[in-house]
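Colleague: Sharing a sequence plus its predicted fold:
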Amino acid sequence: EEQEEDVLRELRLFLRNVTERLSLDRRFKAFTRPVDIEEVPDYLMVIKKPMDLSTLLTNIDEHKYVTVSEFMLDADLIWQNALEYNPDSDPMDRHIRHRACALKDTVRAILRDELDEDFERVCEEIKESR
Ligand SMILES: COC(=O)N1C[C@@H]2C[C@@H]3O[C@]2(Cc2nccnc23)C1
């Protein structure tokens, strides 16, 4: 009903705000756009579910997420993929893994500080009812 659409509209506003703040953080520049397959031809042989911050925003606008948990599954792909594709001890791999871990910790800290657990519970109820 209308109240449910109000809740989902508020969810999208919250998720857009979080995603845009991450995109503005210079540490996360490598995560803002899809990895360029022309530059990295083997990327899709290693990473089965590519994800990036611009794709998160598109998904939000396409109403893909009804709960924060669904959003988190995709947001977690960004840093998980970076750890998987860049496992070596060379400085470049270590650099992007450090930023991937910073992304993981930053997303969790934002949600711990800014997401009301009652709000997420209402979103989960809407999801179960559909
Ligand atoms: C989230 O970003 C990444 O996982 N990567 C991995 C790729 C390997 C390395 O860095 C990336 C882009 C790139 N392009 C050209 C040459 N080498 C690289 C970014």
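Modeller: Sure, I can see it. Numbers count the residues shown, from 1 in each chain.
Colleague: Okay, and the closest residue to the ligand within the chain sits in which element?
Modeller: Residue of the chain nearest the ligand, by CB to the nearest ligand atom: residue 39 (3.9 Å). C-beta here means a position set from N, CA and C on the backbone, and glycine is covered the same way. Counting by DSSP states H and E, there is no helix or strand that carries residue 39.
Colleague: can you check residue 14 too?
Modeller: Counting by DSSP H and E, residue 14 is part of helix 2-24.
Colleague: does any part of that helix sit near the ligand?
Modeller: No: counting by CB under 6 Å from any ligand atom, no contacts exist between helix 2-24 and the ligand, the nearest distance being 13.1 Å.
Colleague: Give the ranges of residues in this protein that sit below the confidence cut-off.
Modeller: Applying pLDDT under 70 to the chain flags no residue at all.
Colleague: Can you list the residue ranges for helices in it?
Modeller: Counting by DSSP state H, the chain has helices at residues 2-24, 43-46, 53-61, 68-85, 91-114, 117-128.
Colleague: Generate a markdown table for those helices, with mean neighbour count and distance to residue 33 as supplementary columns.
Modeller: What follows is those, written out as a markdown table (neighbours: other CB atoms under 10 Å; distance: least, CB to CB, whole Å):
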| stretch | mean neighbour count | distance to residue 33 |
| --- | --- | --- |
| helix 2-24 | 15 | 10 |
| helix 43-46 | 11 | 13 |
| helix 53-61 | 17 | 5 |
| helix 68-85 | 18 | 11 |
| helix 91-114 | 14 | 14 |
| helix 117-128 | 13 | 28 |
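Colleague: Including distance to residue 34, could the ones you listed go into CSV?
Modeller: Converted to CSV, the helices of the chain look like this (distance: least, CB to CB, whole Å):
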stretch, distance to residue 34
helix 2-24, 13
helix 43-46, 9
helix 53-61, 7
helix 68-85, 10
helix 91-114, 15
helix 117-128, 27
